[in-house]
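>>> sharing a model prediction with you, sequence too.
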Amino acid sequence: MGHFLGEPLKGFLQELADVIVAAFFIIFFIAQSFIVDGHSMEPTLHNRERLIAEKIFYYFAGPRRGDIVVIRDPIDHTRYWVKRIIGLEGDTIEIRNGVVYLNGSKLAENYVAEPIAMPKEATYNVPKGHVFVMGDNRNNSNDSRFAGPIPVNDIMGHAILMYWPLHRTHFISRPSIFLNKK
(Lines give C-alpha, C1' and ligand atoms only; values in the text may rest on other atoms or scores of the structure.)
Protein backbone atom coordinates (compact mmCIF):
# COMPACT_ATOMS: atom_id res chain seq x y z
CA MET A 1 0.00 0.00 0.00
CA GLY A 2 2.91 2.40 0.73
CA HIS A 3 4.20 1.81 -2.78
CA PHE A 4 0.77 2.72 -4.22
CA LEU A 5 0.68 6.09 -2.39
CA GLY A 6 4.34 6.77 -3.22
CA GLU A 7 3.86 6.70 -7.00
CA PRO A 8 1.05 9.33 -7.14
CA LEU A 9 2.98 11.54 -4.72
CA LYS A 10 6.18 11.12 -6.73
CA GLY A 11 4.28 11.96 -9.95
CA PHE A 12 2.70 15.02 -8.35
CA LEU A 13 6.06 16.28 -7.06
CA GLN A 14 7.64 15.78 -10.49
CA GLU A 15 4.83 17.75 -12.17
CA LEU A 16 5.11 20.48 -9.53
CA ALA A 17 8.86 20.70 -10.14
CA ASP A 18 8.24 20.96 -13.90
CA VAL A 19 5.75 23.81 -13.36
CA ILE A 20 8.19 25.66 -11.09
CA VAL A 21 11.04 25.31 -13.60
CA ALA A 22 8.76 26.48 -16.43
CA ALA A 23 7.60 29.48 -14.35
CA PHE A 24 11.18 30.51 -13.57
CA PHE A 25 12.12 30.13 -17.25
CA ILE A 26 9.21 32.36 -18.31
CA ILE A 27 9.90 35.00 -15.62
CA PHE A 28 13.64 35.22 -16.26
CA PHE A 29 13.72 34.86 -20.04
CA ILE A 30 10.33 35.50 -21.67
CA ALA A 31 7.93 37.80 -19.76
CA GLN A 32 7.31 39.19 -16.31
CA SER A 33 4.57 41.03 -14.47
CA PHE A 34 5.29 44.48 -13.03
CA ILE A 35 3.28 47.00 -10.99
CA VAL A 36 3.25 50.66 -12.02
CA ASP A 37 4.52 52.56 -8.99
CA GLY A 38 3.54 56.22 -9.00
CA HIS A 39 1.94 58.70 -11.36
CA SER A 40 4.80 59.37 -13.81
CA MET A 41 3.14 57.54 -16.75
CA GLU A 42 -0.31 59.13 -16.48
CA PRO A 43 -2.50 59.42 -18.46
CA THR A 44 -1.23 56.27 -20.25
CA LEU A 45 -0.68 54.07 -17.18
CA HIS A 46 -1.87 54.67 -13.64
CA ASN A 47 -0.50 53.96 -10.17
CA ARG A 48 -0.90 50.31 -9.07
CA GLU A 49 -1.86 49.05 -12.53
CA ARG A 50 -0.23 45.78 -13.52
CA LEU A 51 1.46 45.09 -16.80
CA ILE A 52 3.28 42.30 -18.62
CA ALA A 53 6.69 43.09 -20.09
CA GLU A 54 8.26 40.75 -22.61
CA LYS A 55 12.03 40.21 -22.58
CA ILE A 56 12.80 38.71 -25.99
CA PHE A 57 12.06 41.32 -28.71
CA TYR A 58 15.04 43.56 -27.94
CA TYR A 59 17.51 40.69 -28.37
CA PHE A 60 16.53 40.62 -32.06
CA ALA A 61 15.42 44.14 -32.96
CA GLY A 62 16.62 46.49 -30.21
CA PRO A 63 14.67 49.24 -28.44
CA ARG A 64 12.34 51.50 -30.42
CA ARG A 65 11.28 55.08 -29.86
CA GLY A 66 7.83 55.24 -28.29
CA ASP A 67 8.05 51.87 -26.52
CA ILE A 68 7.11 51.75 -22.85
CA VAL A 69 9.82 49.89 -20.98
CA VAL A 70 10.61 48.71 -17.49
CA ILE A 71 14.14 49.75 -16.51
CA ARG A 72 16.32 49.38 -13.45
CA ASP A 73 16.27 52.49 -11.30
CA PRO A 74 19.67 54.12 -12.04
CA ILE A 75 20.23 54.90 -8.35
CA ASP A 76 18.58 51.96 -6.55
CA HIS A 77 18.96 48.79 -8.67
CA THR A 78 16.50 46.93 -6.40
CA ARG A 79 13.70 49.13 -7.81
CA TYR A 80 12.47 49.78 -11.34
CA TRP A 81 10.93 52.54 -13.41
CA VAL A 82 8.24 52.34 -16.09
CA LYS A 83 8.99 54.96 -18.79
CA ARG A 84 8.67 55.70 -22.51
CA ILE A 85 11.69 55.63 -24.83
CA ILE A 86 12.01 59.03 -26.51
CA GLY A 87 15.52 58.74 -27.97
CA LEU A 88 17.96 56.08 -29.11
CA GLU A 89 21.75 56.15 -29.34
CA GLY A 90 22.91 59.01 -31.54
CA ASP A 91 19.70 61.02 -31.06
CA THR A 92 19.57 64.58 -29.76
CA ILE A 93 16.68 65.47 -27.47
CA GLU A 94 15.93 69.15 -26.95
CA ILE A 95 13.40 70.78 -24.67
CA ARG A 96 12.35 74.28 -25.69
CA ASN A 97 9.52 76.14 -23.98
CA GLY A 98 8.05 72.92 -22.59
CA VAL A 99 8.12 71.09 -25.95
CA VAL A 100 10.27 68.04 -26.82
CA TYR A 101 12.25 67.99 -30.07
CA LEU A 102 13.80 64.80 -31.42
CA ASN A 103 16.73 65.42 -33.79
CA GLY A 104 15.39 68.90 -34.50
CA SER A 105 11.76 67.86 -35.14
CA LYS A 106 8.99 68.79 -32.72
CA LEU A 107 7.25 65.72 -31.26
CA ALA A 108 3.45 65.97 -31.41
CA GLU A 109 2.96 64.09 -28.15
CA ASN A 110 -0.77 63.63 -27.65
CA TYR A 111 -0.11 61.08 -24.89
CA VAL A 112 1.49 63.47 -22.37
CA ALA A 113 -0.37 64.92 -19.39
CA GLU A 114 0.79 68.53 -19.92
CA PRO A 115 3.70 70.59 -21.29
CA ILE A 116 7.02 70.37 -19.44
CA ALA A 117 7.47 72.98 -16.72
CA MET A 118 11.14 72.18 -15.93
CA PRO A 119 13.65 72.39 -17.43
CA LYS A 120 12.55 75.15 -19.79
CA GLU A 121 15.57 74.69 -22.07
CA ALA A 122 17.88 71.66 -22.26
CA THR A 123 19.74 69.51 -24.78
CA TYR A 124 20.64 65.84 -24.31
CA ASN A 125 22.76 63.64 -26.57
CA VAL A 126 22.13 59.89 -26.30
CA PRO A 127 25.41 57.94 -26.25
CA LYS A 128 26.05 54.54 -27.79
CA GLY A 129 24.35 51.68 -25.95
CA HIS A 130 21.83 53.98 -24.21
CA VAL A 131 18.24 55.22 -24.50
CA PHE A 132 16.60 58.44 -23.34
CA VAL A 133 13.39 57.81 -21.38
CA MET A 134 10.66 60.08 -20.05
CA GLY A 135 7.41 59.60 -18.19
CA ASP A 136 4.21 60.71 -19.91
CA ASN A 137 3.40 62.86 -16.87
CA ARG A 138 6.44 65.04 -17.51
CA ASN A 139 6.00 67.29 -14.48
CA ASN A 140 5.80 64.30 -12.13
CA SER A 141 8.50 62.03 -13.56
CA ASN A 142 12.03 61.21 -12.51
CA ASP A 143 13.59 60.22 -15.83
CA SER A 144 16.54 60.77 -18.20
CA ARG A 145 16.23 64.55 -17.85
CA PHE A 146 17.57 64.11 -14.32
CA ALA A 147 19.28 60.68 -14.29
CA GLY A 148 20.81 60.87 -17.76
CA PRO A 149 20.51 58.34 -20.59
CA ILE A 150 19.83 54.76 -19.48
CA PRO A 151 22.05 51.83 -20.57
CA VAL A 152 20.16 49.47 -22.88
CA ASN A 153 21.34 46.63 -20.60
CA ASP A 154 19.23 48.16 -17.80
CA ILE A 155 16.00 47.56 -19.75
CA MET A 156 14.22 44.75 -17.90
CA GLY A 157 11.38 44.39 -20.41
CA HIS A 158 9.16 45.96 -23.05
CA ALA A 159 5.60 46.56 -21.79
CA ILE A 160 3.07 44.83 -24.03
CA LEU A 161 -0.09 44.34 -21.95
CA MET A 162 -1.81 46.23 -19.13
CA TYR A 163 -3.96 43.59 -17.44
CA TRP A 164 -5.10 44.97 -14.07
CA PRO A 165 -7.59 46.30 -13.27
CA LEU A 166 -9.51 44.05 -15.64
CA HIS A 167 -11.85 46.77 -16.95
CA ARG A 168 -8.80 48.66 -18.34
CA THR A 169 -7.04 45.65 -19.87
CA HIS A 170 -5.42 46.54 -23.21
CA PHE A 171 -2.38 45.90 -25.36
CA ILE A 172 0.19 48.67 -25.11
CA SER A 173 1.08 50.16 -28.48
CA ARG A 174 3.52 52.78 -29.68
CA PRO A 175 2.08 56.25 -30.41
CA SER A 176 1.60 56.93 -34.12
CA ILE A 177 4.27 59.66 -34.11
CA PHE A 178 6.89 56.95 -33.62
CA LEU A 179 5.58 54.36 -36.08
CA ASN A 180 7.66 55.61 -39.02
CA LYS A 181 10.78 55.73 -36.86
CA LYS A 182 12.97 52.76 -35.87
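Arrived safely.
>>> now the residue sitting nearest the centre point of the chain: how far from Phe12?
Closest to where the C-alpha atoms of the chain average out (CA atoms, centre = their mean) is Val69, at 1.4 Å. Distance, Val69 to Phe12, by CB to CB, to the nearest Å: 39 Å. Every residue, glycine included, has its C-beta placed from N, CA and C.
>>> now do Tyr101
60 Å.
>>> please apply the same query to Pro127.
In terms of CB to CB, Pro127 sits 53 Å off from Phe12.
>>> which one's more surrounded, Tyr101 and Phe12?
Taking neighbours as other CB atoms under 10 Å, Tyr101 and Phe12 compare with Tyr101 leading, 14 against 10.
>>> OK, contacts around the closest residue to that one other than its chain neighbours?
Spatial nearest neighbour of Tyr101, excluding adjacent residues (CB to CB, 6 or more residues apart in numbering): Glu94 at 4.2 Å. By CB atoms under 8 Å, 6 or more residues apart in numbering, the contact set of Glu94 is Val100, Tyr101, Gly104, Ala122, Thr123, Tyr124.
>>> how far away from the center of its chain is the strand or helix carrying Val131?
Assigned by DSSP states H and E, Val131 belongs to strand 130-134. Centre-to-centre, strand 130-134 and its host chain are 11 Å apart (CA atoms, centre = their mean, to the nearest Å).
>>> for stretch 136-152, same thing?
The answer for stretch 136-152 is 12 Å, by CA atoms, centre = their mean.
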